[in-house]
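Q: quick one, what's the 3D model for this:
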Amino acid sequence: MDLDDILDGLRADRSLGASEFSGMTAQAVTAMYRKRVLCARALGLLDIALFAALAFWSIGAHQLLLYFVSIAGIFAPALVARPFINKLFERTLDIINRDCDTAKFRGFLEQMASRAILGRTKRQAACYLAVCDTFDARWTDALERLGGVSFGKRSPMRFQLINTRLLSYQALEMTDKAVAALEDMRRMHDDMRKGTAIEQLMRRSIGVAELRLRDVESWSEEDAAFLLACGREARNHRERVEFALAIARYLVARGDAEGARTLLDLDLLGPIAPNAELVRAELASRVAQACPQSPSA
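A: Just a heads-up that it's a prediction; the model follows:
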């Protein structure tokens, strides 16, 4: 099996280095995030005030075109602020996706959740905290945290919720519930517009979930090629590590200890989330039993 693409991807991830939040405490990250959000909202209010003043002036000056431009300017911050704040939050995901620092990410989320006022914000925080639970291999905690949480039919957060439940059910060997969650994901995928980023992500997640519901001994070369493609197209380091470990599991099942050893090198995989480290350690132990030389640890 040609592992060059996924190995090159892992090396490229390491060359990127840590995120901008590396070396910061959860409190410092929260303070930075809130400061940026407040600045964005303050600029929005200033924009509204300036355009409102301009609108009043344009009425007195009988400048109809300028009046309509001013009205549009008043509503512009409401259209721009939410995507901008979403982008700010997405940047904090590097804490887990690049640094794999679950403790810091959890601390940041808990502080944000403690001050959340809107119901949607609280639900989002609960969902991301449940994701953090899965990274810490706290599968039961993740399921309990998501009890009663729901999102709109086509919301990306609903996909996150279903996927988190699915992963937790699989880890706990609750096969019937895992299959039901997979069916929920398939139905949501069928309602998505084909070719969009979220639709492609869901299609890939469905394929991976179907593999995980089968014994690794039944995986074919086509299945391994699918995992390699997923690893090559992974959005971040954490995802690529997960696919590398899935491929390593396939290689161990096929008796290719040397190929698995290459993918289990901690110097290559690090940083690594706790749940992924559990998988790596288990596979490394099996490789060590098959070959005299132990993989790097």
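Q: buried residues in stretch 232-247?
A: Ala234, His237, Arg238, Glu239, Arg240, Val241, Glu242, Phe243, Ala244, Leu245, Ala246, Ile247 (16 or more other CB atoms under 10 Å). In this view, the C-beta of every residue, glycine as well, is placed from N, C-alpha and C.
Q: need those in CSV (columns: pLDDT, secondary structure and distance to Arg186).
A: Below are the buried residues of stretch 232-247 laid out as CSV (pLDDT from 0 to 100; DSSP: H, G, I helix; E, B strand; the rest coil; distance: CB to CB, whole Å):
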residue, pLDDT, secondary structure, distance to Arg186
Ala234, 94, coil, 22
His237, 96, helix, 28
Arg238, 96, helix, 25
Glu239, 96, helix, 21
Arg240, 96, helix, 25
Val241, 97, helix, 26
Glu242, 96, helix, 21
Phe243, 96, helix, 21
Ala244, 97, helix, 26
Leu245, 97, helix, 25
Ala246, 97, helix, 20
Ile247, 97, helix, 24
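Q: for the top helix by length along the chain, what is the average pLDDT?
A: Counting residues, the longest helix found in the chain (DSSP state H) is helix 26-60. Confidence for helix 26-60, expressed as mean pLDDT, is 85.
Q: so which elements touch it?
A: Other elements packing on helix 26-60 under the criterion 3 or more CB pairs under 8 Å, 6 or more residues apart in numbering; DSSP states H and E are helix 64-92, helix 102-114.
Q: which strands and helices sit next to whichever helix or strand comes after the longest one?
A: So that's helix 64-92. Next along the chain after helix 64-92, taking DSSP states H and E as the criterion, comes helix 94-97. Judged by 3+ CB pairs under 8 Å, 6+ apart, the packing partners of helix 94-97 are helix 102-114, helix 237-253.
Q: quick one: average pLDDT of helix 94-97?
A: 96.
Q: start the count at 11, not 1, going forward
A: New numbering, starting at 11: the last item is helix 104-107.
Q: just the CA trace of that helix, in PDB.
A: Provided in PDB are the C-alpha atoms of helix 104-107 (Å, rounded to 0.1, in the frame of the first residue of the first chain):
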ATOM      1  CA  ASP A 104      -7.400  25.100  15.900                       C
ATOM      2  CA  ILE A 105      -6.900  24.400  19.600                       C
ATOM      3  CA  ILE A 106      -8.200  20.900  19.100                       C
ATOM      4  CA  ASN A 107      -7.600  20.500  15.400                       C
END
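Q: hmm, who's touching it?
A: Identification of contacts with helix 104-107 by CB atoms under 8 Å, 6 or more residues apart in numbering yields 29-31, 39, 111-112, 114-115, 118, 142, 145, 245-249, 283.
Q: let's go with 10 Å and repeat that
A: With contact meaning CB atoms under 10 Å, 6 or more residues apart in numbering, helix 104-107 is reached by 23, 26, 28-32, 34, 36, 39, 100, 111-119, 138, 141-142, 145, 244-250, 281, 283.
Q: closest to Ala294 among the buried residues of stretch 242-257?
A: Using CB to CB, the shortest approach to Ala294 within the buried residues of stretch 242-257 belongs to Leu255, at 10.4 Å.
Q: tell me the contacts of the closest one?
A: 237, 241, 270, 273-274, 279, 282, 285-290, 292-293.
Q: let's go with 6 Å and repeat that
A: Val289 (CB atoms under 6 Å, 6 or more residues apart in numbering).
Q: now Ala36
A: Contacts of Ala36 by CB under 6 Å, 6+ apart are Lys114, Gly117, Phe118.
Q: repeat that with 8 Å
A: Ala113, Lys114, Phe115, Arg116, Gly117, Phe118, Glu120, Gln121.
Q: how about the spatially closest residue to Arg116 that is not a sequence neighbour, secondary structure?
A: Closest residue to Arg116 apart from its sequence neighbours, by CB to CB, 6 or more residues apart in numbering: Cys142 at 4.8 Å. Under DSSP: H, G, I helix; E, B strand; the rest coil, Cys142 falls in the helix class.
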